[in-house]
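Visitor: I'll drop the sequence and a predicted model, then ask my questions.
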Amino acid sequence: MENDINKPLDNENSADSNQADYHAGFVALIGQPNVGKSTLMNRILGVDLAIITAKPQTTRNRILGVRSFPDKGQIAFVDTPGIHKAKKQLNKRMVATALSAITEVDLICHVIDADAYIKQTARLGKDELPASDAFIFRKLAEVKQPVFLILNKVDKLDAKEELLPMMQDLSERFDFAEIIPISAHKGDNIRRLVDIILSHLPADGPLFPEDMLTDQAERFIAAEFIREQILEQTHEEVPYSVAVEIERFVENRAKNMLEVSAIIHVERSTQKGIVIGKGGARLQSIGIKSRKRMQAFFGKKIYLETFVRVESEWSEDPEALGRFGYE
Ligand SMILES: Nc1nc2c(ncn2[C@@H]2O[C@H](COP(=O)(O)OP(=O)(O)OP(=O)(O)O)[C@@H](O)[C@H]2O)c(=O)[nH]1
Ligand SMILES: [Mg+2]
């Protein structure tokens, strides 16, 4: 399997390429939480744009990530929140965001965690589909665009022989345009996936400038890097009760520095205590690590201040959800 996405694709530098060889379009990455959608997008972009953690429901917004292959094509990925059974308003908005992306794109990649899928179906019995997969399959039945099935995390499979029966079983449940096993984490089969995606996109000129990565505001990206560290460093309900709001994001040109002030909203005072930690140790660690991440991404020194505030029940409050960017 190929793993170097940065190797030139066929004809990448050919001078005589014409418009008909150029394919461009929007590709939605959808699936259950934690299957590796954001990892896959970042892998193809070659940039750590979307945050990734081992916890489900990491992504809460639609995140555009553009990768251009000169003279060959352009893929505009739409990374989405994992589709799950939603109870809170926040979660309902996340699922609605994911489902609305399905209607707006040229191609849909339904990403499955192959290892988890095999273990779940072994428990349920051969003919039963896990409930959340069944829901997604029903939604896909309504769409007109081609749908790829991406079997991710193949590096975790105990035996590669498990793949074939799984591919067979899933191909009988839905008419997928392609079924492609990959490891987003290791990079296996990613170049092939890119080639196949490009070949299914409309023969069209670029949608965005070739040097564009995303339309996400810098403030949003900064807030996400902080949230990533909170997800990494807290447990149980805390990650799901946190929203990060950037209060100030100012470029200090004289110092080539970004000055960032962030408010970390939690829902209860006990959670505030957890985020701050003993003697402020956890908040300090969250600050140090997210500042490093911002520094690498923005290519500038970062001055970061963080404040923790209790905003009770924000995840159920339409006004607060709007303010925190969860439309
Ligand atoms: N072993 C292995 N782990 C992977 C692979 N792809 C992703 N992961 C891990 O799976 C976890 C979830 O990855 P994400 O990319 O955040 O998954 P997601 O689908 O975007 O999750 P949500 O945003 O919560 O919906 C992380 O710990 C990743 O490192 C893979 O190919 N192999
Ligand atoms: Mg994600």
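Guide: Yep, it's here. For clarity, every value in this text was computed on a predicted model and none was experimentally measured. Ligands and ions are numbered 1, 2, ... in the order given.
Visitor: and the helices in the stretch 151-300 of the chain?
Guide: Applying DSSP state H, counting those that start in this stretch to the stretch 151-300 of the chain gives helices spanning 163-173, 190-200, 218-233, 269-276, 281-298.
Visitor: please save the CA atoms from the last one in CSV.
Guide: What that stands for is helix 281-298. What follows is helix 281-298, C-alpha atoms only, in CSV (Å, rounded to 0.1, in the frame of the first residue of the first chain):
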residue,chain,number,x,y,z
ALA,A,281,-1.7,23.2,37.1
ARG,A,282,-4.1,21.8,34.5
LEU,A,283,-5.1,25.1,33.0
GLN,A,284,-1.4,26.0,32.8
SER,A,285,-0.7,22.7,30.9
ILE,A,286,-3.7,23.3,28.6
GLY,A,287,-2.3,26.8,27.9
ILE,A,288,1.2,25.6,27.2
LYS,A,289,0.2,22.8,24.8
SER,A,290,-2.4,24.8,22.9
ARG,A,291,-0.1,27.7,22.6
LYS,A,292,2.5,25.4,21.0
ARG,A,293,-0.1,24.1,18.6
MET,A,294,-1.1,27.7,17.6
GLN,A,295,2.5,28.7,17.2
ALA,A,296,3.1,25.8,14.8
PHE,A,297,-0.1,26.4,12.8
PHE,A,298,0.0,30.2,12.6
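Visitor: what mean pLDDT does the following helix or strand past that helix have?
Guide: Toward the C-terminus, helix 281-298 is succeeded by strand 301-310 as the next helix or strand (DSSP states H and E). For strand 301-310, mean pLDDT is 98.
Visitor: helices and strands around the next helix or strand after strand 301-310, which ones?
Guide: Under the assignment DSSP H and E, the closest C-terminal helix or strand after strand 301-310 is helix 318-323. If contacts are counted by 3 or more C-beta pairs under 8 Å, 6 or more residues apart in numbering; DSSP states H and E, helix 318-323 sits against helix 89-103. From N, CA and C alone the C-beta is placed, and that goes for glycine too.
Visitor: pull out the buried positions in the helix it packs on.
Guide: Across helix 89-103, burial judged by 16 or more other C-beta atoms under 10 Å covers Gln89, Leu90, Asn91, Arg93, Met94, Val95, Thr97, Ala98, Leu99, Ala101, Ile102.
Visitor: pull the contacting residues for the nearest residue to the second one once chain neighbours are set aside.
Guide: Leaving out its chain neighbours, the residue that sits closest to Leu90 by C-beta to C-beta, 6 or more residues apart in numbering is Ser315, at 4.0 Å. If a contact means C-beta atoms under 8 Å, 6 or more residues apart in numbering, then Ser315 has Lys88, Gln89, Leu90, Asn91, Tyr240, Ser241, Ala243, Glu267, Leu321 as its contacts.
Visitor: distance of the closest residue to the fifth one other than its chain neighbours relative to Gln271?
Guide: Going back to what we said before, that points to Tyr240. The shortest distance from Tyr240 to any non-neighbouring residue, by C-beta to C-beta, 6+ apart, is to Gln57 (6.8 Å). Distance of Gln57 to Gln271, given as C-beta to C-beta, to the nearest Å: 16 Å.
Visitor: so these two - more neighbours on which side?
Guide: A count of neighbours by other C-beta atoms under 10 Å puts Gln271 above the other of Gln57 and Gln271, at 21 against 18.
Visitor: what distance do you get for the more buried one to Arg309?
Guide: Gln271 is 11 Å from Arg309, by C-beta to C-beta.
Visitor: ok, stretch 70-83 near ligand 2 or not?
Guide: No - contact of stretch 70-83 with ligand 2 is not found when judged by C-beta under 5 Å from the ion; the minimum separation is 6.0 Å.
Visitor: and that stretch, how far from the chain's centre?
Guide: 10 Å (C-alpha atoms, centre = their mean, to the nearest Å).
Visitor: same question for it, mean pLDDT?
Guide: Computed over stretch 70-83, the average pLDDT equals 97.
Visitor: what about stretch 315-325, distance to the chain center?
Guide: The answer for stretch 315-325 is 21 Å, by C-alpha atoms, centre = their mean.
Visitor: would you mind writing the CA trace of that stretch as PDB?
Guide: Taking C-alpha atoms only, stretch 315-325 is exported to PDB below (Å, rounded to 0.1, in the frame of the first residue of the first chain):
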ATOM      1  CA  SER A 315     -25.200  23.300  25.800                       C
ATOM      2  CA  GLU A 316     -29.000  23.600  26.000                       C
ATOM      3  CA  ASP A 317     -29.300  27.300  25.400                       C
ATOM      4  CA  PRO A 318     -29.800  28.500  21.800                       C
ATOM      5  CA  GLU A 319     -28.400  31.900  22.500                       C
ATOM      6  CA  ALA A 320     -25.100  30.600  24.000                       C
ATOM      7  CA  LEU A 321     -24.900  27.900  21.300                       C
ATOM      8  CA  GLY A 322     -25.000  30.600  18.700                       C
ATOM      9  CA  ARG A 323     -22.500  32.700  20.500                       C
ATOM     10  CA  PHE A 324     -20.100  29.800  20.700                       C
ATOM     11  CA  GLY A 325     -20.400  29.100  16.900                       C
END
